[in-house]
Every structure is written in structure tokens, then in C-alpha cells.
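[1] here's my sequence, what's the structure:
(chains A and B)
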Amino acid sequence: MNNLKALILCATFLLSTLFALALAQNTSALAVDASCTNLEYIFARGSGDGSPRDSEAERFFSQLDRRVNSSATTSHEYALGAERYGGHQYPHVNVSDLGNRNALGAVASAGYGNDYGKSVNAGVGELYNYISQRHAKCGGFGTRYVLGGYSQGAQVIGQTLPKFSEELRNRIVFSALFGDPKLHLPEGEGIYPAACRGKDFSAWRRIIGDCHADGGSLKPRKPYLPTDLHNKTGLWCLAQDFVCGTSKLPYDTSGHTRYANVNGAIDSAAIEIAKKIKASLPSEQADNIDTSRPRGTGTTGVDVVYVIDTTGSMGYQIQQAKAFARQSAEQVKEMNGRVALVAYRDAGDNYTARILSGLQSDQTDFLMQLDALDVSGGGDWYEATLHALMTAFNGLDWKNGATKAAVVLTDAPFHNPDKVDGSTIATVAKRSLEIDPVNVYPVVSAGIADYYQELAAKTTGQVIPDTGDTAAALTTALKKIQERPTPLLKNLAYSAEPGQEITFDASDSYVVDATITKYDWDFNGDGTFEHTTTEPITDYTYTTAFTGTMQVRVSADNGTIANASATVDVSVKTPPTLPAAPNNFKATITATTDMKSTVTLSWYPSDTRAQLWLLRMNDYPLGTIAADRRSIEITDVDRTADVTFSLTGLTADNLEGQAASTVVPKYTATAPTTTCSTTNPFTAYICLAYLQTQQYLTSSYQTAQNLLWW
Amino acid sequence: MGDFINKSRQYNRLVAALLVIVLLAVSFWLFWVGDTRDIEATADKFNPGPEWSLVSNVATPPRTLCVDGSCPSLDRTWHITHNLTKEEVTSITRKTSWNMQPEDPCFYSSHTNTAAPTCYFHGSTPKYTLVLRVKNATNPTDTTEATLTIREK
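    Numbering: from 1, shown residues only, chains lettered A, B, ... in the order given. Prediction:
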């Protein structure tokens, strides 16, 4: 009878399991059963607000759809979290509210534990099963995969890639990772990172906002990617993004919201992906795949300031400028640009220079101020142009990464040095470079063009001769800005010690509908270009200390030029002393069930330098531990093999000190445990009492520490 | 001697009180959470009309520590009964003072079997940047969808 009951129970259990499996398969039928396509776009969103398609996902899909527009390709898109696959569905986890402990839990577990880690694991499970099932259905169709992930989603993609078979990995066209909290860039490690010298860039490195970035906020994943995917993965981490490690300040996260901007990181990735797809197609099928770059714009658009002479002699030209500005502002807007307005006169007038409208994409204020411009004063022929440029340079909120230009509208030369603030061409050129640079385009009559040649040349601008029609001259100036190359250096800042070679790399520079002909290099920012190359990369060694700006000037065969600058800090730095390995790092097994043990790790610091402890199990980071802790309990340690724990002190800058390690041996029936091995009954009693007290105290201390930790 | 001890105690109490005040102030600053009235009031200026049916409104309040940088932010989604043209959306956005501009190409033809022709409109106020994303339906079972995203500059 009992056997019958057991049989019925077993059968019920089996049927339930089969039913559940069938249900799981049914729920995953929708996207997998969609018709097979050449290309499959998959995006894993950030922690987000619950929708599988956040702004970044939408931008990713729409940019790919827009660019890969070939009749020879069909595509299908899938946003992770939309459906359940293999019993997994990527859930939303709110990390913006510190009160719910999700963010703290993510940090404490290095992104592998708590609700955040569970969400990542679910995402990994869903992505793995989705692609596996899709591949099973569409493998014969030759479907290839394009993956994208933002923030937590980048971690999901990164953790899933190693799980794919080699066959599946070969099917991946490209993986684009944005703001990855598990970022790892070995070239950013150390006191003197190779990245700051322009050296040893990882194959997956794209736009990285700080050359010191080596690990994301949830500690780097090592190895970051399977070797065969190094050249098929791109990583973007914009400046001021604490999440992926370009800032060490937890409140400095403004960069984390900029990946979906127009001409931003996602758009840039879409161009790279389109190029890869185009390269893989026969030329007759590669039509309508748009791999063009935005014209004359930096990575974040264009900032243009109109610096207008409002002295009495400008009366007639002002009216033309006003009419033109309305049209040109619209063109700047289309270039993802912002405009500003500065009016100037001369020393002794009712004002010398003033910002009437700051840089903004909304042109309402700009146009209103432009309409209200009136002309008066001026005195002598020369005006305060240099002072006006310095007012614009210092007073406007220039955008990092944008192409910057100052269009000067005047009918007069300038005081050099300036009568108001003593500015000279050299000081204006220096300040222009420091802002990465602002190119000056004087729109002047032929009679005074010579006065402006040096100013334009030193700021890599160009003089636009006004032949009587200011509007036409301004159109020419704007056209020049649009047609000129977009010079891009790999780093915005370089640092090294005297005698160390720095590689300056401008290979990301481009020009639309023209060809770059040469690169001029000015290594100390004095306006003199010491070196000219036809290749975009050059090496230079500063033999003595130097703090300043370098620039590269890029020339194109359409007669336009443009330059980019970066700060350089060459100095002798005193390396910090790293934390020594902790003393007496040992593991005590406190319980074992089914080959799984609870292990208490304990240690003493050797010095006071560790600001955090980094714990690894078999080289896999388990998480960080507060500096004042001296022990931690790890449950469910799988003892089917030897397990190595290592503990390393981290400095405030996350630099790793020396590691101490201990091995918990593979479990055997006679595995050693902490026992009281004595034959004397009294000694055994004392020993056991001591062990129990120690266990109780450790447990209490642990509880107290856990409470404090949270 | 007694005076000295009393003064010393008073001093200690004063220091302790100051420490408590500083601690409270820092805690308040760290865990401060603002309200969403301002960003919602900005979003309310976009009033598209009865054919736009609001289906989602997620507002994240400003905070001192904002791990994902989205504080404050607002995402508001509508379903619309018919597909929209660039001109239609422009006429609606023109009623705001955001100077919203369409991003080209606008409502390009879609080549994925799931993506919809999309158009982005970008605008700004002195405090916020605004993006309106409009996705037209590609088949009768889909719905035209518009999402307004507002983020602090």
C-alpha cells in the first residue's frame, strides 16, 4: 500500500514537473516563434523603471533600424525582460532609492548577490536561453546577433557571453556595452596607468571619460570578456559616470544618463555595428546601410558663440547679421548644436563685452537678445575683440566633447594688448586651447582681414572675408564649420613621468565627403606645431616636467582644418604605499552538510592602509568587506574540490595591496575540523567550553557587524 | 576644581551636541529626497489632447545620492489612436515653450519586423532637457506610442 502511495506521489511529481516545463516553454513561445531573420538585435536595459525598453534600448533599436536599411537584410529585435525563457525573466530592480538597500546590496556583493545579483542572474538565464532557443530555430537561416546592454544590462551581457558555445559566439556580430558597473580596463590600473600615456588600450575600449578608469563601481570582472570576443565588443564609459568608474564620487552620475544622447555613445555604436554588417555583405547587398558620421560635430554636438561688434559703425551689418542668425541658428540646431551671443564695444563705452545669451539649444532667448541689439560708441577704430573673446571663453558653459567655434562679426581691428583686460593673441589662443579648443572665425572685410589672420591661425579658425554681404560671409563660416574634420583624441587628459613616452592617437578623427591629409602636433600648446605626420598616431617623450595643453591640428583636402586638445601632466609622482597582506588569514569550517560547508574566515590587518577588503573565492570576487571587520562567515561553500580564498586590502582609490590566501581542502569523510584532541577529560571539558564560547562570541560579533554593515 | 569639572562637562556636552547636529545634518543631506512637483508641472505643460491616452507616468524625485543619475526624471507614455506625422507632433509641441525640434530622419521606414518608424523631438528648458519619442504602429494590432522623457540638465 505504501509502495502504491509512493508511486502515485512520484507520478504526480513527474507530471507536475512536466506540466511546469511545458508551461515554461509555452510562455517563451512568442519571440522565439517569430519568423527567422538575418539579424537579431537584443538589448538589456539598465535597472530601470520596470519597462523592458528604456530610453537606451529605444535609441539602440531605432538607430540600428535607421542605419541598417538594406533590402538584403531582415531583422528582429528583442528587449531582455519582455518574456520568460528557460524559467528566467530579467526583472526590474530599483537602485535609485538608497532606502531599499538594492544599491548597497549590489555594492556589498560586487554585483553578484542580493536582489540586484538575483536580477542579473535572471537576465543571464533569460538571455542565454533566448539566444539558444532562437539559434535552435534559426541557426540554419544564418541568423547573427547584435547585443547591447546599458548599466546593469551591460553586466548581464558580459556575464552571459562566456556561457555561449563557440558556435554561438561566432554568430555574434558585435556587443555594445554602455556604462558597465563591471567595467575592466587593465590599462587604467596602477599609479601610472598605461592608458594615461596612450598605451596598451584594450581592444574593447571605445570612449572612456577618464584614463584612470580601470574598474566599475561593482568592481571589475576579470577576465572581462572571452578572448575571441575582444574584437567584437565595444565599451563606452562617459566622463562623470560613477557607475562604470570614470568618477570615484557616488553622487557624480550625470554621465550615466548621456548614452542615449543625439550623436552619443549609442549612436556611435550603431555606426560601428552598421559598418560590421556592411562589411559582411556582398557589395550589391550593402546598399542603404548608412555608416556616415555626423558632419563637423564633436561627440556631444556643436557650441557656437556669435561675438558681435556693436559699435556705431556696425549699424548696417547688424541688420544683416540678425536676419542671418535666425537661419544659421536653425542649422546649428540640426547639428545638435547650441548657440550663444556676446556683444562688445570698446574701453570707455557703456559696456565693453557682455554675454547676452548663454549656450543653449533653445534659441528663444538668443533670438530675442539678437533682435534687441543696438549699436553705439566705439571711439577709435580698434575695438575690444580680444576682451570679448575672453569674456565668451570664460563666461560660457562649454560642453565637453563638443566642437566649439566663436564667430566674430566686426568691421574693425582689435587692440593688442586689449585696453580693458590686457588680453593678447597669445593669451586668447592659450585659453581657447584650454577649453578644448574654441576655434575663432572672424567674419571681416577684406581691408582688415590681415589683422585677424594670426588670431584665426593660432586658434585653428579661419578668416572669412566679408565681401559686403555679411549673411553670405556668415553662411560661408558656418559651412566651413560643418565641412571641417572632426578631430578626436583618444584621451582628454594624459599623464606620465618625465622620460616616459606618450602615444597621442587621433585615429578616431574623421571628415565627411573629404579626406584627412595631415596631422600637425603641438606638444606644449604654444601654438607652434613641432611635428607633422600623415598617420594619426605619434609618440612623444617629455624629458622634463610639464603641465599644460597639447593639440593636434587635422587638415582635410577640402581646405578645412580643425584641432583638438588634451591636458598633459608630466611630473614625478610619489606612489602610495599599498596595504600589506593581512596576517593570520585562516578558514575555520563550522558546519558541513551534503559536501557544502559553512566557513568562517578570520584575519588581522598588517597595517592601517586597507580601506576595504576584497574577498575572492577561487579568483572569483565575492565582494568587499568593511575595513574594520576581522571575520566573515561564508555559507554553502562547495567542497567537491579544494577552495582557495584570498583577501586583499584596497586603498581609497581601489588599488589592490598584497593578498593573503588560505585553502579549504576538498571534503573527505575524515576531513579535519576544529576539535579538542586530548585524552584528559578535564582538559577536554575546558577545551570544548572554550570552543563553544568562542563560537558564541564570533556569532554575536558577526550579528553585530552585520547590523552595523547595513 | 569643581568649576573646572563643570566647565569641562559643559564643553563635552557642547561638543557632543554639535557632533549630533552635524551627524543629523549630514544624514539629512545624504538621504534627502525631494518631491516631483516641479518636474511634473513641467510635464503638465505638454497637453496633447484627447486622442492621446496616458498609459504610464513614472516620476523619480530628486535625491542627493542618485546611483543611476536619473534623479529627478520623468517618463510619461501615451497611446494614440492613429499614426502621427512630423507636422502633427510639431503642432502639438509648438504649444509648449520648449522649442522642440525633430531629429532627422523622422519616421523613417522600418526594416525590422518588430521596430516601428520612430521620430525623436528634442527640447529644453533652463532646468531640464526633454525628449519626445513617437513610434508609429506598423500593423493593426500595434498601437502608436509616444513617450516624453524629462531629465535635469
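
[2] got the end-to-end distance for stretch A:40-57?
    By CA to CA, to the nearest Å, the extent of stretch A:40-57 from end to end equals 14 Å.

[3] buried set for it?
    Of the residues in stretch A:40-57, A:40-49, A:51-57 count as buried by neighbour count, 16 or more other CB atoms under 10 Å in any protein chain shown. Where you see a C-beta, it was placed from the backbone N, CA and C, and this is true even at glycine.

[4] among these, which are within reach of chain B?
    Among these, proximity to chain B is found for A:41, A:46, A:47, A:49, A:51, A:55 (CB under 8 Å from any CB of the partner chain).

[5] just the buried residues of stretch A:40-57: which are in strands?
    Among the buried residues of stretch A:40-57, the members falling in strands (DSSP state E) are A:40, A:41, A:42, A:43, A:44.

[6] list just the nearest of those residues to chain B.
    Nearest to chain B, judged by CB to the nearest CB, of those is residue A:41 at 7.0 Å.

[7] excluding its backbone neighbours, what's nearest that closest one?
    Here the nearest residue to residue A:41 in space, its sequence neighbours aside, is residue A:77; by CB to CB, 6 or more residues apart in numbering or on different chains that works out to 4.3 Å.

[8] look at the one you found and tell me its secondary structure.
    strand (DSSP: H, G, I helix; E, B strand; the rest coil).

[9] residues near it, how many?
    When neighbours are defined as other CB atoms under 10 Å in any protein chain shown, residue A:77 has 25 of them.

[10] what's the answer for residue A:86, then?
    17.

[11] please report the distance of it from chain B.
    Using CB to the nearest CB, to the nearest Å, residue A:86 is found at 21 Å from chain B.

[12] just checking, that residue touches residue A:125?
    Yes - Residue A:86 is in contact with residue A:125 according to CB atoms under 8 Å; the separation is 5.8 Å.

[13] would you mark the buried spots in the longest helix anywhere in chain B?
    Across chain B, the longest stretch assigned as helix under DSSP state H is helix B:2-30. By neighbour count with 16+ other CB under 10 Å, helix B:2-30 contains no buried residues.

[14] and the next helix or strand past that helix?
    Helices and strands here follow DSSP states H and E; after helix B:2-30, the next one along the chain is helix B:37-44.

[15] quickly run through the sheet partners of the helix or strand that that next one is followed by, with directions.
    Following helix B:37-44 in sequence order, the next helix or strand is strand B:52-60 (DSSP H and E). Looking at strand B:52-60 with DSSP bridges, its partner strands are strand B:73-80 (antiparallel).

[16] send the alpha carbons of the next helix or strand after the strand it pairs with over as CSV?
    Downstream of strand B:73-80, the next assigned helix or strand under DSSP H and E is helix B:86-93. Only the C-alpha atoms of helix B:86-93 are listed here, as CSV (Å, rounded to 0.1, in the frame of the first residue of the first chain):
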residue,chain,number,x,y,z
LYS,B,86,6.1,65.1,-38.1
GLU,B,87,3.8,68.1,-38.7
GLU,B,88,1.2,66.9,-36.3
VAL,B,89,3.6,66.4,-33.5
THR,B,90,5.3,69.7,-34.2
SER,B,91,2.0,71.5,-34.0
ILE,B,92,1.4,69.9,-30.6
THR,B,93,4.9,70.6,-29.2
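
[17] return the distance of helix B:86-93 from the chain's centre.
    Offset of helix B:86-93 from its chain centre (CA atoms, centre = their mean, to the nearest Å): 22 Å.

[18] tell me which residues of it are tucked away?
    Buried residues in helix B:86-93, counted by 16+ other CB under 10 Å: B:89, B:90, B:92, B:93.

[19] ok, now stretch A:497-516?
    Neighbour-count burial for stretch A:497-516 flags A:500, A:502, A:503, A:504, A:505, A:506, A:508, A:509, A:510, A:511, A:512, A:516 (criterion: 16+ other CB under 10 Å).

[20] chain B versus the closest residue to the first one other than its chain neighbours, what's the distance?
    Closest residue to residue A:500 in three dimensions, ignoring its sequence neighbours and counting by CB to CB, 6+ apart: residue A:197, at 6.0 Å. Between residue A:197 and chain B the distance is 30 Å, computed by CB to the nearest CB.

[21] residues near residue A:197, how many?
    Residue A:197, neighbours per other CB under 10 Å, totals 22.

[22] with residue B:141 instead?
    Neighbourhood size, residue B:141 [other CB under 10 Å]: 6.

[23] next one: residue B:49
    Other residues near residue B:49 come to 9 when the count uses other CB under 10 Å.

[24] wait, doesn't it sit right on residue B:89?
    No - using CB under 8 Å as the test, residue B:49 is too far from residue B:89 to be in contact (11.7 Å).

[25] returning to that earlier point: contacts only, for the residue nearest to residue A:500.
    Listed by CB atoms under 8 Å, 6 or more residues apart in numbering or on different chains, the contact set of residue A:197 reads A:494, A:495, A:496, A:500, A:501, A:502, A:503.

[26] contact residues of the stretch 401-550 of chain A facing chain B?
    So the stretch 401-550 of chain A never meets chain B (CB under 8 Å from any CB).
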